[in-house]
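Asker: Here's a sequence, model it:
(one chain, ligands or ions: 1)
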Amino acid sequence: MSDDLEILRQDVLSELAGAADMRAWDAVRVGTLGKSGRLTALLKALGKMAPDERKARGGALNRLRDDLTRAIESRGQELEAAALEARLVAERVDISLPPPGTAQGALHPISRAVEEMTAIFGSMGFSVAEGPDIETDWHNFSALNTPDHHPARTDHDTFYLPPVPGLDVARVLRTQTSGVQIRTMLSQKPPIRVICPGRTYRADHDATHSPMFHQCEGLVVGQGITLGHLKGCLIEFLRVFFDKPDLPVRFRSSYFPFTEPSMEVDIGWSRRTGEIGDGEDWLEVLGSGMIHARVLANCGLDPREWQGFAFGMGVERLTMLKNGIPDLRSFYESDIRWLRHYGSDPLAPALLHEGV
Ligand code: DAH
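Answerer: Numbering: from 1, shown residues only. All right, here's what the predicted structure looks like:
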């Protein structure tokens, strides 16, 4: 090979070795093989040579071009791999640590309360069931023994969805999680023990009502289930949730279309001090009852064979009482100071043996 070609080869190889990043590498590539690159210029010059001279030099030049093209490519791959490795090291994230320089996030009190409810009922053998937020009018009302003109439908201030052409069912934003009872009984064979936490919706907005809020439903279906089971289960839940082993609990006769008999459940508190479990006043915390025979029948269960109880509670309401939160609206305002104050450690799950 003639000297000038050997010099060019050595030049390019040492420039490549010295190229520390992709930008420097690209400058070598363009300066060698680009439109006005050094090798390209030599190749172009071939055209002006006499045929036999061109033949000899052409062969050497083509070999050089192949060698340098390969050397450039392989150096490019090396640099690319090194750049990727450097990025991976620089951007490595330890997801078990809070982000540097920022405050650690907190679990919203609603999420925390649902975790606690799940832990408490879980210890009593309940599992969690879910249903859709957009519910059929049938699951939300009719199957729950609430006929078309029943006053409970208007009590709930329901958000109705516009009809869908070709779809023969009326749809609502569910006003209660009770519809999940129906879905569960239709899809599972008893014995059943589930809770159904989730979002619910009513056209209502003030210090104690929000158009979107959360409920947690409970459903137990089996043979020989009595009011005694209902009472034992709810007393146990309330005492653990409020962390008061002797919390007074009162069952008061009430009315719900889907239970018979129906009961409102109250806990003892003091109106004067706001203290739960203390004093001579009562505070309503949830609704409950023995599942109405018609609801069982609507789900294909023979009420002579199967009995059960159900209950439903407002998650915000119980959380407000437990944590002394005065205004329901604050749950949804995303005020960082409020979230820091009432939020809980996301890395510390609700565990019964540690006390929820
Ligand atoms: N769904 C009722 C409400 O929103 C609460 C309720 C009461 C649920 C009694 C129940 C029940 O399952 O048995 O007010």
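Asker: what's the closest non-adjacent residue to His292?
Answerer: Excluding its sequence neighbours, the residue lying closest to His292 (C-beta to C-beta, 6 or more residues apart in numbering) is Glu260, at 4.7 Å. Just so you know, the C-beta spots here come from the backbone N, C-alpha and C atoms, and that holds for glycine as well.
Asker: Quick one: list the elements packing against the helix or strand containing the one you found.
Answerer: Here Glu260, judged by DSSP states H and E, is contained in strand 259-269. The contact analysis (3 or more C-beta pairs under 8 Å, 6 or more residues apart in numbering; DSSP states H and E) places strand 259-269 against helix 227-241, strand 249-256, strand 281-291, strand 307-314.
Asker: now the ones you listed as a markdown table including mean pLDDT, mean neighbour count and distance to His341?
Answerer: Shown next, in a markdown table, are the helices and strands packed on strand 259-269 (pLDDT from 0 to 100; neighbours: other C-beta atoms under 10 Å; distance: least, C-beta to C-beta, whole Å):
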| stretch | mean pLDDT | mean neighbour count | distance to His341 |
| --- | --- | --- | --- |
| helix 227-241 | 97 | 18 | 20 |
| strand 249-256 | 97 | 15 | 29 |
| strand 281-291 | 97 | 20 | 23 |
| strand 307-314 | 98 | 23 | 21 |
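Asker: tell me which residues in the strand holding Glu260 are buried?
Answerer: Neighbour counts using 16 or more other C-beta atoms under 10 Å place 259, 262-269 of strand 259-269 among the buried residues.
Asker: on that earlier part again, tell me the predicted confidence for the residue nearest to His292.
Answerer: At Glu260, the model reports a pLDDT of 98.
Asker: Report the contact partners of it.
Answerer: Contacts for Glu260 (C-beta atoms under 8 Å, 6 or more residues apart in numbering) come out as 289-290, 292-293.
Asker: Tell me how many other residues surround Val356.
Answerer: Around Val356 there are 21 other residues, counting by other C-beta atoms under 10 Å.
Asker: which one is it nearest to, not counting chain neighbours?
Answerer: Here the residue nearest Val356, using C-beta to C-beta, 6+ apart, is Glu116, at 4.2 Å.
Asker: where's Leu79 relative to Ala86, distance?
Answerer: Leu79 is 10 Å from Ala86, where distance means C-beta to C-beta, to the nearest Å.
Asker: okay, these two: which has more neighbours?
Answerer: More crowded of Leu79 and Ala86, by other C-beta under 10 Å: Leu79, with 19 against 11.
Asker: any idea of the mean pLDDT in the helix or strand the more buried one falls within?
Answerer: In this structure, Leu79 sits in helix 51-90 according to DSSP H and E. Throughout helix 51-90, pLDDT has a mean value of 92.
Asker: can you list the residues that contact the next helix or strand after that helix?
Answerer: Later in the chain than helix 51-90, the nearest helix or strand by DSSP H and E is helix 109-123. If you take C-beta under 8 Å, 6+ apart as the criterion, helix 109-123 is touched by 107, 128, 195, 197, 214, 216, 218, 236-237, 240-241, 315-316, 318-319, 322-323, 325, 331, 342-344, 349-352, 356.
Asker: Could you identify the buried members of these?
Answerer: Using 16+ other C-beta under 10 Å as the burial test, these include 107, 128, 195, 197, 214, 216, 218, 237, 240-241, 315-316, 318-319, 322, 325, 331, 342-344, 350, 356 as buried.
Asker: which strands and helices sit next to the one helix or strand Lys44 maps to?
Answerer: Using DSSP H and E, Lys44 sits in helix 38-45. Identification of packing neighbours for helix 38-45 by 3+ C-beta pairs under 8 Å, 6+ apart yields helix 3-18, helix 22-33, helix 51-90.
Asker: For the ligand, give me its nearest residue in the stretch 1-150 of the chain.
Answerer: Here the stretch 1-150 of the chain gets closest to the ligand at one residue, Leu144, 8.1 Å apart by C-beta to the nearest ligand atom.
Asker: That residue touches Gln181, doesn't it?
Answerer: Yes: if you go by C-beta atoms under 8 Å, Leu144 and Gln181 touch, sitting 7.3 Å apart.
Asker: which residues are common contacts for these two?
Answerer: Counting by C-beta under 8 Å, 6+ apart, the contacts common to Leu144 and Gln181 are 258, 295.
Asker: got the buried residues for stretch 35-51?
Answerer: 37-40, 42-43.
Asker: what helices or strands is the helix or strand bottoming out on mean pLDDT in the chain leaning on?
Answerer: Counting by mean pLDDT, DSSP states H and E, the chain has its least confident helix or strand at helix 151-155, which shows a mean of 76. Of the remaining helices and strands, none touches helix 151-155 by 3+ C-beta pairs under 8 Å, 6+ apart.
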